[in-house]
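S.K.: Sequence first, then the predicted structure, then my questions.
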Amino acid sequence: MFRKIVNFCVKVVQRYLPEPFIFALLLTLVAAVIAMPVCRQTPLEVLDNWGGGMWSLLAFSMQMALVLVTGSALADAPSVRKGLEALSSIPKGPVAAIALVSFISALACWINWGFGLIIGVVFAKSIARKLKGVDYRLLIASAYSGFVVWHGGISGSVPLALATPGKALSDATMGIVREPIAISSTIFAWQNLLISGLCIVALVVVNSLMHPKGKDVVEVDPVLLEEEPQQSARLETPADRLDHCRLTSWIISFMGLAYFCMKMARGGSLDLNSVVTLFLFLGILLHKDPVGYVDSLTKAAKGCAGIILQFPFYAGIMGIMTGTASSGISLAGEISNWCVAVSNEHTFPILTFLSAGLVNVFVPSGGGQWAVQAPIMMPAGAALGVSPAVTGMAIAWGDAWTNLIQPFWALPALAIAKLGAKDIMGFCVINLFITGIIIAGGLLLWTF
């Protein structure tokens with residue numbers, strides 16, 4: 001019965017899910033059409049919100065592009081590739097491979113989402129090169145599915161925002177949270193650790209059970225794993241010798257890594273910029289020479305097309321969802337207000353989680369989610385007697401949950417894997433239902 005459900009979801013998604021860019025365009029139209037009657041906005045006001053928001057994610061887009069190319073180039077370094085090859089020899093069968101990729105990816109995403117998003121799919125490709133009989137679609141879906149736990153982990157933007165003192169915290173929560181909430185009450189609360197742990201276990205088990213049998217297995221097309229041959233360097237001129245001088249790589253890498261360590265020693269967080277810094281200078285250090293790193297980065301940059309094209313459209317959708325115009329009403333705010341209107345102290349975290357999941361389909365950004373929902377949900381939760389820590393984590397888990405069916409975050413992984421969203425999202429739908437039950441149950445437990 002379970003396998004029939006999986007096959008049904010996979011077939012439906014492959015048949016009806018458009019390419020991610022078309023999906024973004026359709027979401028744009030849906031958000032625009034709904035915003036007009038719900039928020040009492042004119043077409044021109046909606047258009048203004050959309051156009052005004054389109055370029056609000058430029059810095060973030062560049063960060064994501066750099067995560068993709070520097071992470072891919074690091075994984076392409078000879079020593080890293082040897083290490084991944086050694087790890088990829090551990091699983092002896094397809095099911096074991098799926099289980100290991102699911103676990104490594106989820107654990108890495110819990111530690112840091114940018115790191116986990118890249119390392120999971122790179123590890124999956126390494127296994128695909130060595131192991132026959134494993135379904136490549138499910139292997140990449142397993143690598144991506146671990147992303148669902150990121151906002152409950154130590155790089156979660158909402159719990160970190162709650163733990164950061166300052167006027168911004170009070171303003172975002174409408175004065176409800178004036179003193180920072182320690183991560184011992186959010187990320188490291190036993191309820192959150194239980195949710196995270198159960199989700200990781202569920203991903204390992206469910207992904208393993210989803211592996212097809214016999215003729216249903218879709219193995220990797222060797223073309224997807226092809227790599228450009230490395231050409232031997234000719235050191236005929238002084239310029240050639242400079243291009244291939246390892247000393248230059250060592251010096252600049254030492255400077256970059258020393259700065260990274262200094263920043264961490266001063267209490268800095270492993271944010272997106274720090275991840276890019278680590279990837280960049282480790283990559284330069286571990287490649288044979290500067291030109292070798294340039295070549296590897298150039299190959300990786302080919303996968304950035306989806307990010308460059310689609311992120312402005314998602315920024316425009318965020319503009320529609322959060323824009324108020326003359327009515328003073330935003331679409332994301334109306335979704336949150338509806339959740340508040342039908343809640344009590346025990347159902348409030350679950351409905352907050354569900355509304356955050358819905359908003360995340362249109363606003364796939366943890367920071368954007370917090371800016372939209374915190375001013376509404378935090379005061380409402382306090383009025384119902386719900387701890388701000390619980391409300392904050394309900395928003396965080398909702399933001400992470402529907403990433404399983406939102407191609408926005410899958411773009412870097414899909415670029416590395418050379419697959420389309422429809423290839424993996426059918427499997428992710430199953431994970432969506434399973435993890436949704438776990439998260440909702442954990443949040444309900446948190447209220448008692």
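M.R.: Thanks, I have it.
S.K.: What's the local residue count around the closest residue in space to residue 271 that isn't next to it in sequence?
M.R.: Distances taken as Cβ to Cβ, 6 or more residues apart in numbering put residue 155 closest to residue 271, at 7.3 Å, once the chain neighbours are dropped. C-beta: built from backbone N, CA, C; applies to glycine. As a burial measure, residue 155 scores 24 neighbours (other Cβ atoms under 10 Å).
S.K.: same deal with the one 3 residues further on?
M.R.: Residue crowding around residue 158 was assessed by other Cβ under 10 Å; the count is 28.
S.K.: Per-residue pLDDT of it, please?
M.R.: According to the prediction, residue 158 has pLDDT 89.
S.K.: Same check on residue 234?
M.R.: At residue 234, the model reports a pLDDT of 64.
S.K.: same check, this time on residue 270
M.R.: Looking at residue 270, its pLDDT is 66.
S.K.: top helix in the chain by residue count?
M.R.: When every helix of the chain is counted residue by residue (DSSP state H), the longest turns out to be helix 421-446.
S.K.: what sits against residue 197?
M.R.: Residue 197 makes no contacts at all, as judged by Cβ atoms under 8 Å, 6 or more residues apart in numbering.
S.K.: Would you mind measuring from the residue nearest to residue 271 to residue 113?
M.R.: Applying Cβ to Cβ, to the nearest Å, one obtains 5 Å for the distance of residue 155 from residue 113.
S.K.: Worst mean pLDDT across the helices and strands of this protein, which element?
M.R.: One helix or strand of the chain scores below all others by mean pLDDT, DSSP states H and E: helix 222-225, with a mean of 71.
S.K.: what helix or strand does residue 200 sit in?
M.R.: For residue 200, the enclosing helix or strand under DSSP states H and E is helix 190-209.
S.K.: Which positions within that helix qualify as buried?
M.R.: By neighbour count with 16 or more other Cβ atoms under 10 Å, helix 190-209 contains the buried residues 191-192, 195-200, 202-204, 206-208.
S.K.: Can I get the following helix or strand past the least confident helix or strand of the chain in PDB? Just the C-alpha atoms.
M.R.: Toward the C-terminus, helix 222-225 is succeeded by helix 238-243 as the next helix or strand (DSSP H and E). Presented in PDB, the C-alpha positions along helix 238-243 are these (Å, rounded to 0.1, in the frame of the first residue of the first chain):
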ATOM      1  CA  PRO A 238      56.500  33.800 -16.000                       C
ATOM      2  CA  ALA A 239      52.800  34.300 -16.300                       C
ATOM      3  CA  ASP A 240      52.200  30.600 -16.500                       C
ATOM      4  CA  ARG A 241      54.300  30.000 -13.400                       C
ATOM      5  CA  LEU A 242      52.300  32.700 -11.500                       C
ATOM      6  CA  ASP A 243      49.000  31.100 -12.600                       C
END
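S.K.: for helix 238-243, what is the average pLDDT?
M.R.: Helix 238-243 comes out with an average pLDDT of 75.
S.K.: from the middle of its chain, how far away would it be?
M.R.: 40 Å (Cα atoms, centre = their mean, to the nearest Å).
S.K.: which strands and helices sit next to that helix?
M.R.: Under the contact definition 3 or more Cβ pairs under 8 Å, 6 or more residues apart in numbering; DSSP states H and E, helix 238-243 sits against no other helix or strand.
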